[in-house]
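>>> Fold the following for me, if possible:
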Amino acid sequence: MDMPSLFPQSEFPEDAEPYGVNDHLAELSKTGYSYLKKGVLDEAEKAFHKILAISPTNSYGLTGLGDVYRRRNNKARAMAYYQQCLETSPENNHALLGMADCYKSGNQVDKALAIWEKYLTTHDKSISVLTRVADAHRKLKNFEKSKQTYLRVLSIDESNTYTLIGLGYLYYDFKDYRAALANWEKVYAIDSKRVDVRVLTGLGNCHRKLRNYREGLFYFEQVLGVDKKNFFALFGIADCYRGMDQMEKSLEYWNYILAEDLANKVILTRAGDALRHLGRFVEAEQHYRRALDVNFDVYAVLGLALVLKEQGRYADAIESLNSAMKHDPNNARIYTELAECQLSLGRREAALETLRLLQRRGISNGQIDAMLSRIEN
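Prediction:
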């Protein structure tokens, strides 16, 4: 669950900008950066080129053009200007940090991280760079380094929303849902009216994972207040109602998603499950088969087998369960359902063999043991 930039950060720390130009060049640079901040990139580019026409190795002009092309997502040209600046000013922080952000956007996180960590040796309280380092370690699955860096930021600014969000994602990635919830709730408490929808869905998902379904609904419904077709909110609401055993409501929201995405095999399978629990077996079978027409899905195969079993079509159910077993050989539910179908057809020895097969795989399961004992006795 990779975290996008949810809140803007300053481009770089103020002390990273180059300095030491004469008044005329300084004025051109001021003009260029003013246009850059407004997003008027063509005018910014003209101003920085004027600087280089006067002083070809000027740091302001070179890093300014690097920033222009980085904003245009032309990493190659941006890095060429930053590199040109570093050839004459190897310690220029603005160029170094510009290079790092280009590496980051090009998914070369390790190279970006090396530059940011070097920068922090002399600017250890730079929040914008600390958060970049924490994000990079999170992306590289370095849990402890990421956590400690986020905490360094919070020791400087305990209400830094970007950091609280990042720390929340870190805990969520490592399935510590309570810790993720605690950090995102702080963001929500700071300004509940302006919280990004991704934080709201994160809060909802934490509660859903913790089976606090009503609390999860509270946050997912806020997302729908902003974006009525938000997939994650619709999925979260449907799954919460499923967890609360309100299958009619769950089906309603699965259908909202299917109205926009008819070929989503996961949602087709979930809708099939809801229909099966409601006893609407014909419709459930149709949904499972539609899911399998899209692509193989072990849960769709299992769901289909359960529908067939409920309809007394045991031979067809056995065929479906054998297919599921090939793709999920350690799923105890498949073995018990298969054994029940075999028993229904009077195949006692086949049922015993099915259950013993899982035991021979070295998997211990109380339900399997109990069923074996019941059949044997």
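
>>> what ranges of the protein fall below the confidence cut-off?
By pLDDT under 70, the low-scoring segments of the chain are 1-21.

>>> Repeat the analysis, applying 80 as the threshold.
Low-confidence segments of the chain (pLDDT under 80): 1-22.

>>> the strands in it, which residues?
Assigned strands in the chain: none (criterion: DSSP state E).

>>> where's residue 95 relative to residue 245, distance?
59 Å (C-beta to C-beta, to the nearest Å). All C-beta atoms are positioned from the backbone trio N, CA, C, and that covers glycine.

>>> Apologies, that question was intended for residue 193.
Going from residue 193 to residue 245 by C-beta to C-beta gives 33 Å.

>>> One more: residue 313?
Here the criterion is C-beta to C-beta. By it, residue 313 lies 26 Å from residue 245.

>>> Which residue of the two possesses the greater neighbour count?
Comparing residue 313 with residue 245 by neighbour count (other C-beta atoms under 10 Å), the higher total belongs to residue 313, at 16 against 10.

>>> For the more buried one, which residues are in contact?
Not one residue lies near residue 313 by C-beta atoms under 8 Å, 6 or more residues apart in numbering.

>>> Relative to residue 60, how far out is it?
The value you get for residue 313 to residue 60, if C-beta to C-beta is used, is 77 Å.

>>> Show me what the helix ranked longest in the chain is packed against.
In the chain, assigned by DSSP state H, the helix with the most residues is helix 23-38. On a contact count with 3 or more C-beta pairs under 8 Å, 6 or more residues apart in numbering; DSSP states H and E, helix 23-38 meets helix 41-54, helix 59-71.

>>> any idea which of those is most buried?
Ranked by mean neighbour count, those are led by helix 59-71 with a mean of 25 (mean count of other C-beta atoms under 10 Å).

>>> relative orientation of that helix and helix 41-54 in degrees?
For helix 59-71 against helix 41-54, the angle by axes from the mean of the first three to the mean of the last three C-alpha atoms, to 10 degrees is 150 degrees.

>>> Show me what helix 59-71 is packed against.
With contacts taken as 3+ C-beta pairs under 8 Å, 6+ apart, helix 59-71 sits against helix 23-38, helix 41-54, helix 75-88, helix 93-105.

>>> Do a quick rundown of the helices in the stretch 251-377 of the chain.
Taking DSSP state H, counting those that start in this stretch, the helices of the stretch 251-377 of the chain run over residues 265-277, 281-294, 298-310, 314-327, 332-344, 348-360, 366-376.

>>> Now do the last one: everything it contacts.
So the one you mean is helix 366-376. 332, 335-336, 339, 343, 348, 351-352, 355-356, 358-359.

>>> quick one: contacts for residue 215?
Contact analysis of residue 215 by C-beta under 8 Å, 6+ apart lists residue 207.

>>> how close does it sit to residue 245?
Taking C-beta to C-beta as the measure, residue 215 falls 17 Å from residue 245.

>>> which residues touch residue 292?
Applying C-beta under 8 Å, 6+ apart, the residues contacting residue 292 are 265, 300-301, 304.

>>> could the residues you listed go into CSV alongside neighbour count and distance to residue 151?
Listed next are the contacts of residue 292 as CSV, based on neighbours: other C-beta atoms under 10 Å; distance: C-beta to C-beta, whole Å:
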residue, neighbour count, distance to residue 151
265, 19, 41
300, 27, 44
301, 25, 46
304, 28, 49
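
>>> re earlier: I'd like the distance from the longest helix of the chain to the chain centre, please.
Relative to its parent chain, helix 23-38 has a centroid offset of 38 Å by C-alpha atoms, centre = their mean, to the nearest Å.

>>> and what of stretch 70-80?
Worked out by C-alpha atoms, centre = their mean, stretch 70-80 lies 26 Å from the chain centre.

>>> All good on my end, thank you.
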